[in-house]
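Undergrad: Fold the following and give me the result.
(one chain, ligands or ions: 1)
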Amino acid sequence: MTDLTRANKYEEENRIDKSEKPVFHVTPPVGWMNDPNGFSIFQGKIHLFYQYHPYRDTWGPMHWGHCVSEDFVKWKELPIALAPDKDYDAAGCFSGSAIETEDGHVLIYTGVMEKKGADGGKEVVQQQCMAIGDGIYYEKADGNPVLPAELLPDGFSREDFRDPKVWREEETYYLVAGNRNGSQNGQVVLFASENLKDWRYISVLAHNQGKYGKMWECPDFFSLGQKYILVVSPQDMRADGAEFHNGNQAAALIGEYDRQTYHLREEQVVSLDYGTDFYAPQTLETKDGRRIMIAWMQSWDMNIKPAEQRWNGMMTIPRQLELRNHVLYQYPVKELDRYRTEPVVYKDKEISGHCQIPGVRGRVLDLTVELQGGDYREFTVSFAGNEEYHTSFRYVRATQCIEFDRTFSGMERDAVCQRSMKIKNAGETLKLRLLLDKFSVELFVNDGVQTFTSTFYTPLDAQDIVFVCDKRARVNIEKYNIILDGEEEGGDLFERV
Ligand code: FRU
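TA: All right, here's what the predicted structure looks like:
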């Protein structure tokens, strides 16, 4: 039995029942998931692969899990696409991307090898490899690694050279990958190819200048509005004021792309999310020109979940990105609207003290609260609550901060359970949109100027939503349940290998 067949068989025999998992966020069938990989459109369908270790709920030899969707919201699981079964990827099929070509769906991923070094110690080499498939089954290319570490200039790390993101411009394919330079600083290297098999080194597209973490993981590069954006996930970030509080943090460098030097001239660097659980985002472009981003909704540094839960990791809702007046906006894909049902709407409602509002409760929903005004100093939205548990966002007017608190979410070993986010350009009104899906919250502030994403593994009978206000606030409230029809059919799987 091949490693891939064994992994698929294990998955089949150990698949976790859907009722135990979130409704509209991608989760692993069983075991561990991290980064989104190969987020792409192939033959009109949206494909998502992910770093996957089916056998345990912790990280291990990396496979590529796979699922497909027609609308970014409802996903079908597909057979595992890659297992670490060749000499050049025996230590893992690490992150990478995918692209549609005339020959099929091409995956470009990092093959990790471990060898014995000259001093007898372990030496790690990371190189870029290719696999090609029909949207369900994939074969690794004969010429792997197609982009060997020797193509890097001297002094660049061969041990930290990973996470290729590929795109096409006219007849040329380009690829960016994360790397370290001789001073151990993070950088993004750019390569080009005419056929995806023969690559040449072009440039260092950007580097961290000793400022933004160390190694840069999972780069992605694209134009948006009038600018170019380089998304990176730096390791070992240092907090800077209210920014960058996760040790592993995702950021966007926004600037101009100099096509003479193939260098990004950065003009601003922004946090992509302020919560505890958001990393390694990757994007695709839809046929109608939308740039959609998805990220791993869990984290390396605070990877906490109930011990008995046999799956670990989720993806965020896919989010549309837009750059308007130099501000990067993120909001849930519009396709989610189709699944919003049972609207509950209140206009100009006065909230004071503790308030529970008829029809506003639950764990799988889309809730918008618009603070219109009033003499309040603090306003809190508390959710996933009952007499024992709650998690909350509290807006403090004087400091213009939103304070997240999951101290009483029921999670054990949750040492980092509070986090504050300073609102950018705070005004008289404040719009908070919360997406809840059993164990996660994604908060979009003021139509997506800032986002805050966190997990909380509270028992599911904690359904209350409570608004708390120290004085009076006038609010508009709009709440929908999110229901994926056909969910109950379950399974609905493609035939397995
Ligand atoms: C980011 C990352 C990538 C790597 C993968 C391994 O979370 O560390 O750099 O390819 O995870 O699973």
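Undergrad: Setting the sequence-adjacent residues aside, check what's closest to the residue in the stretch 301-450 of the chain positioned nearest to the ligand.
TA: The nearest approach of the stretch 301-450 of the chain to the ligand comes at Gly313, 10.6 Å away (C-beta to the nearest ligand atom). To be clear about C-beta, it is placed using only N, CA and C from the backbone, and glycine gets the same treatment. Using C-beta to C-beta, 6 or more residues apart in numbering and skipping residues adjacent in sequence, the residue nearest Gly313 is Met33, 3.4 Å away.
Undergrad: If that neighbour is in a bridge, with which residues?
TA: In this entry, Met33 is beta-bridged to Tyr52, by DSSP bridges.
Undergrad: All the helices of this protein, residue numbers only.
TA: Secondary structure of the chain by DSSP state H: the helices cover 3-14.
Undergrad: what residues does the protein put near the ligand?
TA: 34-35, 51, 62, 94-95, 110, 162-163, 217-218, 279-280 (C-beta under 6 Å from any ligand atom).
Undergrad: Would you mind listing the two of the residues you listed that lie farthest apart?
TA: Pairwise distances across the residues of the chain next to the ligand peak at 16.5 Å for Thr110 and Tyr279 (criterion: C-beta to C-beta).
Undergrad: Give me the more crowded residue out of the two.
TA: The neighbour count for Thr110 versus Tyr279, taken as other C-beta atoms under 10 Å, is higher for Tyr279 (27 against 24).
Undergrad: Pretty sure that one sits against Trp300.
TA: Yes. Taking contacts as C-beta atoms under 8 Å, Tyr279 lies within contact range of Trp300: 6.9 Å.
Undergrad: what touches both of those two?
TA: Asn248 (C-beta atoms under 8 Å, 6 or more residues apart in numbering).
Undergrad: Any idea which residue is closest to the centre of the chain?
TA: Ala295 (0.6 Å; C-alpha atoms, centre = their mean).
Undergrad: Grab the nearest non-local neighbour of that residue.
TA: Pro281 (3.7 Å).
Undergrad: got the contact list for that neighbour?
TA: Taking C-beta under 8 Å, 6+ apart, we find Pro281 in contact with 36, 218, 220, 231, 233, 250, 272, 293-296, 316.
Undergrad: Could you rerun that using 6 Å?
TA: Listed by C-beta atoms under 6 Å, 6 or more residues apart in numbering, the contact set of Pro281 reads 231, 250, 293, 295.
Undergrad: And the strands in the stretch 301-450 of the chain, which stretches?
TA: For the stretch 301-450 of the chain, the strands defined by DSSP state E, counting those that start in this stretch occupy 311-312, 319-324, 327-332, 340-355, 364-373, 378-385, 391-396, 401-405, 418-422, 430-437, 440-445, 450-455.
Undergrad: what's the angle from the longest one to strand 378-385?
TA: What it means is strand 340-355. 120 degrees (axes from the mean of the first three to the mean of the last three C-alpha atoms, to 10 degrees).
Undergrad: Low-confidence bits of the chain, can you list those?
TA: Residues of the chain meeting the criterion pLDDT under 70: 486-497.
Undergrad: at 80 what do you get?
TA: Within the chain, the segments meeting pLDDT under 80 span 246-247, 415, 485-497.
Undergrad: Packing partners of the longest strand anywhere in it?
TA: Longest strand of the chain, by residue count under DSSP state E: strand 464-482. Packing partners of strand 464-482 (3 or more C-beta pairs under 6 Å, 6 or more residues apart in numbering; DSSP states H and E): strand 340-355, strand 364-373, strand 378-385.
Undergrad: What residues sit buried inside the last one?
TA: Going by neighbour count (16 or more other C-beta atoms under 10 Å), the buried part of strand 378-385 is 379-385.
Undergrad: repeat for stretch 221-229
TA: 221-222, 224-225, 227-229.
Undergrad: Give me the subset of these lying in strands.
TA: Among those, the members falling in strands (DSSP E) are 221-222, 224, 227-229.
Undergrad: Spatially nearest residue to whatever residue of the stretch 101-250 of the chain ends up closest to the ligand (excluding sequence neighbours)?
TA: Distances between the stretch 101-250 of the chain and the ligand by C-beta to the nearest ligand atom are smallest at Glu217, namely 3.6 Å. Once flanking residues are discounted, Glu217 sits nearest to Ser233: 4.4 Å by C-beta to C-beta, 6+ apart.
Undergrad: can you pull the contacts of the one you found?
TA: By C-beta under 6 Å, 6+ apart, the neighbours of Ser233 are 217-218, 250, 279-280.
Undergrad: gap between it and Trp296?
TA: Distance of Ser233 to Trp296, given as C-beta to C-beta, to the nearest Å: 9 Å.
Undergrad: can you list residues touching both of the two?
TA: 279-280.
Undergrad: got a list of contacts for stretch 476-483?
TA: Contacts of stretch 476-483 (C-beta under 6 Å, 6+ apart): 24, 339-347, 360, 364-370.
Undergrad: And the buried ones among those, selectable in ChimeraX?
TA: The buried subset of the contacts of stretch 476-483, as determined by 16+ other C-beta under 10 Å, is captured in ChimeraX by this line:
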select :24,339,344,346,360,364,365,366,367,368,369,370
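Undergrad: Kindly list the main-chain dihedrals of Arg377?
TA: phi -110, psi -30 (degrees, to the nearest 10).
Undergrad: What is the burial count for it?
TA: So Arg377, with other C-beta under 10 Å, has 13 neighbours.
Undergrad: Surely it and Asp470 touch.
TA: Yes. If you go by C-beta atoms under 6 Å, Arg377 and Asp470 touch, sitting 5.3 Å apart.
Undergrad: What sits closest to Asn248 if chain neighbours are left out?
TA: Using C-beta to C-beta, 6+ apart, the nearest residue to Asn248 is Trp300, at 4.9 Å.
Undergrad: burial measure for that neighbour, as a count.
TA: If we define neighbours as other C-beta under 10 Å, then Trp300 has 15 of them.
Undergrad: What of the one 10 residues further on?
TA: Neighbours of Arg310 under the rule other C-beta under 10 Å: 16.
Undergrad: residues contacting it?
TA: Shown in contact with Arg310 (C-beta under 6 Å, 6+ apart): 16, 57.
Undergrad: Just give the number of residues close to the residue of the stretch 251-400 of the chain found nearest the ligand.
TA: Residue of the stretch 251-400 of the chain nearest the ligand, by C-beta to the nearest ligand atom: Ala280 (4.5 Å). Look at Ala280: counted by other C-beta under 10 Å, it has 26 neighbours.
Undergrad: Looks like it contacts Cys218 (just checking).
TA: Yes. Using C-beta under 6 Å, Ala280 is in contact with Cys218, at 4.4 Å.
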